[in-house]
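# Fold the following.
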Amino acid sequence: MRINFTPNPQLYPFTSQWFDSSRGRVHYLDEGAGPPILLCHGNPTWSFLYRGIMTRLRDKFRCVAVDYLGFGLSDRPTGFGYTIEEHAQVVGELVDHLGLDGFLTVGQDWGGPVSMAVGTARADRVRGVVLGNTWFWPAADVSTKAFSRIMGSWPLQWAILHRNFFVERLIPAGSATRLSEEVMDHYRGVQPSPEARKGVARMPKEILAASPLLGRLAADVPAKLGSKPALLVWGMKDLAFKPGSNLPRMRATFSDHVVVELPDAKHFIQEDAPDRIADAIVERFG
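Residues are numbered from 1 along each chain as shown. Sure thing, here's the model as predicted:
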């Protein structure tokens, strides 16, 4: 399935690129010049989420932002399972196709596990790690497990597929910034039908279903990436990834880390504090 949506060039001033992966046609951005930086989104977002960061970084970095299959302008291929393992495989194919070396990984929400899976498999090519409001270990707390089970239940799956629940409810709830209708239409426009939303619907189930992958990452990230320079940017008002229960483990994982707290930001830190995040990346890795 192809997505017929044209972003507003005033909001999304980038040139679309396409990659024929082994599983389907992937949309991505490749903007600017300098050290490469791989930007990985979460649910239910796409490369549009990183627009404010990319416009601030592309004069200093080569910014590569990918839309996972089932998200953004990428295809919704028949037979694709939309598991995190599959997303990481496809993003890894893109990284290899582009020949990225000495690259930074950036991940928020599910972009954390995806970027860490890609990075641990190519640790010798990773220059540094940027993570914010995310995780890379099996869910242990009751609330996270309950969220996965509730969102994976029939009523909520129906709401996600038929009422675009994640876009209409969770993006506004997870943003401290009041998003304009035009911005919201860029999240709606790439999820126009139940068929187009299968990837979005699958991700909350993956919180539990991806436990084997997350278990591997819990061991591999400290072992393979733990000595890399790291930047941790955290929205302090996020109810999903509360700093008190997540930042200590992040700090313990990376021996050489800098923490930048975003005091007013909620879950979608790229919407709430793109300038602060971009400045922190330049200061740490520029």
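
# Pull the distance from whichever helix or strand Leu231 is part of to the chain's centre.
Leu231 belongs to strand 230-235 when assigned by DSSP states H and E. Between the centre of strand 230-235 and the centre of its chain there are 14 Å (C-alpha atoms, centre = their mean, to the nearest Å).

# quick one: the strands in the stretch 101-250 of the chain?
Applying DSSP state E, counting those that start in this stretch to the stretch 101-250 of the chain gives strands spanning 103-109, 126-134, 230-235.

# from these, which stretch is densest packed?
By mean neighbour count, with neighbours taken as mean count of other C-beta atoms under 10 Å, strand 103-109 ranks first of the strands of the stretch 101-250 of the chain at a mean of 27. To be clear about C-beta, it is placed using only N, CA and C from the backbone, and glycine gets the same treatment.

# Name the strands paired with that one and say parallel or antiparallel.
Next to strand 103-109 in the sheet, as set by DSSP bridges, lie strand 36-40 (parallel), strand 126-134 (parallel).

# got the angle between the longest one and strand 230-235?
Right, strand 126-134. Going by axes from the mean of the first three to the mean of the last three C-alpha atoms, to 10 degrees, strand 126-134 is angled at 20 degrees with respect to strand 230-235.

# Pull the residues that contact strand 126-134.
Contacts to strand 126-134, defined as C-beta atoms under 8 Å, 6 or more residues apart in numbering, come from residues 35, 37, 42, 102-113, 115-116, 119, 225, 228-235, 238, 240-241, 246, 250, 254, 262, 267, 269, 277, 281, 284-285.

# The same query, at a cut-off of 7 Å, please.
The contact list for strand 126-134 (C-beta atoms under 7 Å, 6 or more residues apart in numbering) reads 35, 102-109, 111-112, 119, 225, 228-235, 238, 241, 250, 254, 267, 269, 281, 285.

# Surely Gly42 and Pro113 touch.
No: with contact defined as C-beta atoms under 7 Å, Gly42 does not reach Pro113; the gap is 9.3 Å.

# and the helix or strand hosting Glu283, how far from the chain's centre?
Assessed by DSSP H and E, Glu283 sits inside helix 274-285. Remark: helix 274-285 is offset 17 Å from the chain centroid, using C-alpha atoms, centre = their mean.

# could you check the angle strand 126-134 makes with it?
For helix 274-285 against strand 126-134, the angle by the same axes, to 10 degrees is 150 degrees.

# Now do helix 274-285, average pLDDT.
Regarding helix 274-285, the rounded mean pLDDT is 98.

# One more: stretch 24-37?
According to the model, stretch 24-37 has a mean pLDDT of 98.

# Helices of the stretch 1-150 of the chain, start to end?
For the stretch 1-150 of the chain, helices defined by DSSP state H, counting those that start in this stretch occupy the ranges 51-57, 84-98, 111-120, 142-151.

# Could you pull up the contacting residues of the closest residue to His87 other than its chain neighbours?
Sequence neighbours aside, Tyr68 is the residue nearest to His87 in space, at 4.7 Å (criterion: C-beta to C-beta, 6 or more residues apart in numbering). Contacts were defined as C-beta under 7 Å, 6+ apart; by that measure Tyr68 touches Ser74, His87, Gly199.
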